[in-house]
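Student: Turn this into a structure:
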Amino acid sequence: MRYYFNLQYRILNRRLTELGLPPILGYILGLLAFVGLSMYLFYKTSYAEYFYTLLALSSLSRLSERERNDFLRATFSIGEYRQIRMGENSGLVLPFAAYLLYAGQYALAGGLVLSALLLSLIQFGHRLNFTLPTPFYRYPFEFTQGFRRYWWLYLLAYFVGYKAVEVNNFNLGAGSLVFVFLLGISHYAQPENPYFVWIYSSTARGFLFKKMATALGYSSILALPLVLGLGWHFQGQVWILLGVQCLGYLFLATMLLAKYSAFPNEMSLPQALLLGLSFWFPPLLLFVIPLFYTRSLQRLNVVLQ
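Tutor: The predicted model follows:
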């Protein structure tokens, strides 16, 4: 078991080094980012403690994947497997629990740790032979794959939008719309196999515009229930909702361009920092979008020639 955790530690250090960061600096920056984002969430949202707890529990989903657990059970004894799963789950939620304690949410912090330990004891059986239908099958793959993986988070966003109408809280409703676009942005975090770009009979410019039209269209489908519901109830803030939606489109397009500006590799640390800064300070998009677009054309021309 100790060998397993040492191996994971070395893998993490290697990934930080590949990003151009000394591991100790990467840990410090990660801690500062975690604390900063936690403080921002609790400052901006009235129901932050519940979102925070759900976010922590959702982070355990990758640790509970069937293939991964089958491998661990085949490699280690039952006792070691249990210890590994409990160690991973508790280690992942402890930072969240620590901040909940700092925020005075003692019951949620204790419940979070207990839930993580209980989830580590659950042996997930084989998946049902069922494919979740989506309206995104015509132009795969980002939204098809992303929606099937995170459909419950979309339902959570719609529920939050419903609660915003119920309690007459426009900011909460706008936050649910932002969350939908953040989910859409997350679908473009990983590059696909170059083969799935090469098969397109298109120029690099045509490919980018096709992918962008697909992204904007599918994100509109997912945002439509919130925009209609919130717009009908908060009629005086319709223009603000439309502004949030347009900004969501802009950020989604920027993320798509950032993805292909590094294709077929993942984004480098400088690219990720530039993307994050532009999201934090939108006027930077006037510089970032043309930069990513030009770089994307250069990268895609190599594949689509």
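Student: which residues sit against stretch 18-25?
Tutor: Residues from elsewhere that reach stretch 18-25 (Cβ atoms under 8 Å, 6 or more residues apart in numbering): Leu12, Asn13, Leu16, Thr17, Gly26, Leu29, Ser268, Leu269, Pro270. (Glycine included, C-beta is placed from N, CA and C.)
Student: let's see 6 Å
Tutor: Applying Cβ atoms under 6 Å, 6 or more residues apart in numbering, the contact partners of stretch 18-25 are Asn13, Leu16, Leu269.
Student: Quick check: closest non-adjacent residue to Ser59.
Tutor: Leu92 (5.9 Å; Cβ to Cβ, 6 or more residues apart in numbering).
Student: burial measure for that neighbour, as a count.
Tutor: In terms of burial, Leu92 registers 16 neighbours under the definition other Cβ atoms under 10 Å.
Student: same for the helix or strand containing it, what does it pack against?
Tutor: Element membership for Leu92, per DSSP states H and E: helix 78-102. Helix 78-102 is packed against helix 106-120, with contacts defined by 3 or more Cβ pairs under 6 Å, 6 or more residues apart in numbering; DSSP states H and E.
Student: One more pass at 10 Å, please.
Tutor: helix 2-18, helix 23-44, helix 48-58, helix 66-75, helix 106-120 (3 or more Cβ pairs under 10 Å, 6 or more residues apart in numbering; DSSP states H and E).
Student: Could you tell me how far the fourth one lies from the centre of the chain?
Tutor: This means helix 66-75. Relative to the mean C-alpha coordinate of its chain, helix 66-75 is positioned 25 Å out (Cα atoms, centre = their mean, to the nearest Å).
Student: which helix in this protein runs the most residues?
Tutor: Selection of the longest helix in the chain by residue count, based on DSSP state H, yields helix 204-233.
Student: Enumerate the positions of that one that are buried.
Tutor: Of the residues in helix 204-233, those with enough neighbours to count as buried (16 or more other Cβ atoms under 10 Å) are 204, 207-208, 211, 214-216, 218-219, 222-223, 226-227, 229-231.
Student: Between these, which sits nearest Leu121?
Tutor: Checking those against Leu121 by Cβ to Cβ gives Leu222 as the nearest, at 34.5 Å.
Student: Show me the shaky parts of the stretch 51-200 of the chain.
Tutor: 61-62, 65, 122-140 (pLDDT under 70).
Student: can you rerun that using 80?
Tutor: Across the stretch 51-200 of the chain, the ranges flagged by pLDDT under 80 are 51, 54-55, 57-73, 76, 81, 119-142, 144-153, 194-196, 199-200.
Student: which ones are touching the nearest residue to Leu101 once chain neighbours are set aside?
Tutor: Distances taken as Cβ to Cβ, 6+ apart put Ala109 closest to Leu101, at 4.8 Å, once the chain neighbours are dropped. Ala109 makes contact with 49, 53, 56, 93-94, 96-103 under the criterion Cβ atoms under 10 Å, 6 or more residues apart in numbering.
Student: before we move on, the earlier item: quick check: of the buried residues of helix 204-233, which lies closest to Trp151?
Tutor: Distances from Trp151 to the buried residues of helix 204-233, taken by Cβ to Cβ, are shortest for Leu222, at 10.3 Å.
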